[in-house]
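[1] give me a 3D structure for the following:
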Amino acid sequence: MSARDEILALDRAHVWHPYTPAHDESAAPLVVARAEGPCFWDVDGTRYIDGNSSWWVATLGHRHPRLVRAAKTQLDSLSHVALGGLTHEPAARLASELAATMPGHDDPSLAADRKLRRVFYSDDGSTAVEVAIKLCAQYWAQNAAAGAGALRQRFIGLSGAFHGETVGATSVGGIDAFRAVYGPLLFDVLRAPSPSEPEGWARSFAAIERALREHDDIAAVIVEPLVQGADGMRMYGAEFLRALRAACDRADVFLIVDEVFTGLGRTGTFWACERAGVVPDVLCSAKGLSGALFPFAATIVNERVYEGFRGGRDRAFLYGHSYCGNPLGCAVAREVLAVYRDERVLENVARIAPRIERAFAALQERVPSLRRPRALGAIGAIDLGDSGYLADAGWRVYTEARARGAYVRPLGDTVYIAPPLTIDLPTLDELLEIVGESVAAALG
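    Here you go, the predicted model:
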């Protein structure tokens with residue numbers, strides 16, 4: 001039995017794959033042996049371009065040598081301690097460096113209590129959002145009596161939103177395919193239409209403004225800034241975010257931006273909300289923050305939120321994960337930030353963005369039945385139909401692309417790419433050519 005066959009036999013006997021039908025053995029998974037830069041190789045030596053950055057985490061490519069060195073160096077001294085009553089240099093320095101990247105950090109006109117300076121570590125995007133939800137709910141619960149307003153325990157979310165897979169994150173999410181079966185477990189959320197819908201963002205904003213006016217129990221509004229990723233890379237304009245920030249200010253409600261996917265340069269600015277000139281009250285980050293080496297996340301809040309937890313033990317934020325602020329993750333995340341600065345990653349995004357935009361516009365010219373070509377930063381997407389996440393059309397493109405040497409996992413009817421931000425132009429052009437060929441072949 002070959003190494004590939006042995007691994008596949010063990011996999012089929014024991015591994016439960018995410019977002020995959022349990023009976024689906026129609027196409028054996030790729031058996032990946034190594035990865036580097038924008039590509040990975042299977043056990044037979046076949047190369048594949050990672051068109052989705054392995055679920056959006058490999059923003060600097062795979063095994064960036066500086067990140068690997070940072071992890072090895074940290075292992076020589078400290079691999080893990082809890083952050084309960086302890087601290088360590090990587091956690092302290094990373095928090096300071098993250099604060100220095102936040103929108104508005106260097107704006108002298110921004111009030112001190114609006115600056116995002118406090119960092120709470122966790123494990124992944126879902127937990128970063130879960131932290132944000134609980135922080136906001138507890139803030140209002142323990143400050144209402146002190147004159148901070150009514151008790152607020154409800155949230156406003158958007159249709160088509162995806163914020164993670166824990167119960168709280170699923171509750172504020174708005175994709176029916178991910179919510180329906182768990183309905184009895186989820187808490188109630190006020191829902192506004194997606195600002196990406198054809199009617200434009202005004203309809204969505206009007207619904208949010210009406211909810212803020214009619215309900216005095218809103219703790220926060222949560223959005224994915226500019227791009228609703230898992231709903232098919234649905235994009236909307238910066239004016240919606242600006243209007244939303246102003247509405248939250250008028251209602252004295254917190255604004256949470258989920259930058260788990262959109263942050264760290266994916267849209268062309270370091271944080272997507274910077275494109276709108278918006279400073280949120282809470283910002284969630286994960287995925288690329290640890291450069292595809294470790295599960296790692298951070299929720300960054302402003303001074304006002306943090307001040308709401310001062311006092312005795314009964315006012316402490318009673319939340320935390322065993323691996324919260326893991327030294328390995330912190331050390332690598334610090335190096336991630338350094339690579340962005342030293343290697344001018346955002347300049348590469350500016351180089352690749354026009355190529356992606358042109359290629360996806362050309363796809364519709366090549367196959368007129370395609371719909372809504374769109375691009376932003378290092379994201380390109382197009383729809384094969386309107387049947388949603390559980391549709392099969394995109395998987396035909398996936399199969400064709402895999403045969404041509406690219407991993408382009410679809411979102412149902414949506415075919416998209418979100419490659420490493422460090423991808424070189426020849427490899428990007430190869431990926432775009434494969435996508436074009438695969439769409440044409442899949443649709444006949």
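[2] quick one: neighbours of E430, just the number.
    The burial count assigned to E430 is 17, neighbours taken as other Cβ atoms under 10 Å. (Each C-beta comes from the backbone N, C-alpha and C, glycine too.)
[3] from memory it sits against Y48, does it?
    No - using Cβ atoms under 8 Å as the test, E430 is too far from Y48 to be in contact (11.1 Å).
[4] now for those two: what residues contact both?
    Both E430 and Y48 are contacted by G405, A406, under the criterion Cβ atoms under 8 Å, 6 or more residues apart in numbering.
[5] just the terminal-to-terminal distance for stretch 172-184.
    The distance separating the two terminal residues of stretch 172-184, taken as Cα to Cα, to the nearest Å, comes to 14 Å.
[6] flag every buried residue along it.
    Taking 16 or more other Cβ atoms under 10 Å as the basis for neighbour counts, the residues of stretch 172-184 that come out buried are V172, G173, G174, I175, F178, R179.
[7] and the helix or strand that R66 is a member of, what does it pack against?
    Assigning secondary structure by DSSP states H and E places R66 in helix 65-75. Helix 65-75 sits against helix 327-342, with contacts defined as 3 or more Cβ pairs under 8 Å, 6 or more residues apart in numbering; DSSP states H and E.
[8] which helices and strands does the helix it packs on pack with?
    Helices and strands touching helix 327-342, by 3+ Cβ pairs under 8 Å, 6+ apart, are helix 65-75, helix 89-99.
[9] could you dump the ones you listed to CSV with mean pLDDT?
    Listed next are the helices and strands packed on helix 327-342 as CSV, based on pLDDT from 0 to 100:
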stretch, mean pLDDT
helix 65-75, 98
helix 89-99, 98
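[10] okay, those, which one's buried deepest?
    Among those, the stretch with the highest mean neighbour count (mean count of other Cβ atoms under 10 Å) is helix 89-99, at a mean of 18.
[11] what's the first helix or strand after that helix?
    Taking DSSP H and E as the definition, the helix or strand that follows helix 89-99 towards the C-terminus is strand 116-122.
[12] now do the helix or strand just after that following strand against strand 116-122, angle only.
    Next in sequence after strand 116-122, counting helices and strands by DSSP H and E, comes helix 125-143. Calculated by axes from the mean of the first three to the mean of the last three Cα atoms, to 10 degrees, helix 125-143 forms an angle of 120 degrees with strand 116-122.
[13] dump helix 125-143 to PDB, restricted to CA.
    Taking Å, rounded to 0.1, in the frame of the first residue of the first chain, the C-alpha atoms of helix 125-143 are listed here in PDB:
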ATOM      1  CA  GLY A 125     -12.100  33.900  15.200                       C
ATOM      2  CA  SER A 126     -15.100  32.400  16.900                       C
ATOM      3  CA  THR A 127     -13.700  33.000  20.300                       C
ATOM      4  CA  ALA A 128     -12.600  36.500  19.400                       C
ATOM      5  CA  VAL A 129     -16.200  37.300  18.600                       C
ATOM      6  CA  GLU A 130     -17.500  35.400  21.600                       C
ATOM      7  CA  VAL A 131     -15.200  37.600  23.800                       C
ATOM      8  CA  ALA A 132     -16.700  40.700  22.100                       C
ATOM      9  CA  ILE A 133     -20.200  39.600  22.700                       C
ATOM     10  CA  LYS A 134     -19.700  38.800  26.400                       C
ATOM     11  CA  LEU A 135     -17.600  41.900  27.000                       C
ATOM     12  CA  CYS A 136     -20.300  44.200  25.700                       C
ATOM     13  CA  ALA A 137     -23.100  42.400  27.500                       C
ATOM     14  CA  GLN A 138     -21.300  42.400  30.800                       C
ATOM     15  CA  TYR A 139     -20.300  46.100  30.400                       C
ATOM     16  CA  TRP A 140     -23.900  47.100  30.200                       C
ATOM     17  CA  ALA A 141     -25.000  44.700  32.900                       C
ATOM     18  CA  GLN A 142     -22.700  46.000  35.500                       C
ATOM     19  CA  ASN A 143     -22.700  49.700  34.500                       C
END
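[14] helix 89-99 and the helix holding R66, what's the angle between them?
    Helix 65-75 runs at 140 degrees relative to helix 89-99, counting by the same axes, to 10 degrees.
[15] contact partners of helix 65-75?
    Contacts of helix 65-75 from elsewhere in the structure, counted by Cβ under 8 Å, 6+ apart, are 60, 90, 291, 293-294, 327-328, 331-332, 334-336, 338-339.
[16] stretch 45-59 too?
    Under the contact criterion Cβ under 8 Å, 6+ apart, stretch 45-59 has outside partners 30, 35, 38-42, 62, 229, 261, 264-266, 287-288, 290-292, 345, 401-402, 405-409, 416-422, 427, 430-431, 434-435.
[17] please consider this matter closed, and thank you.
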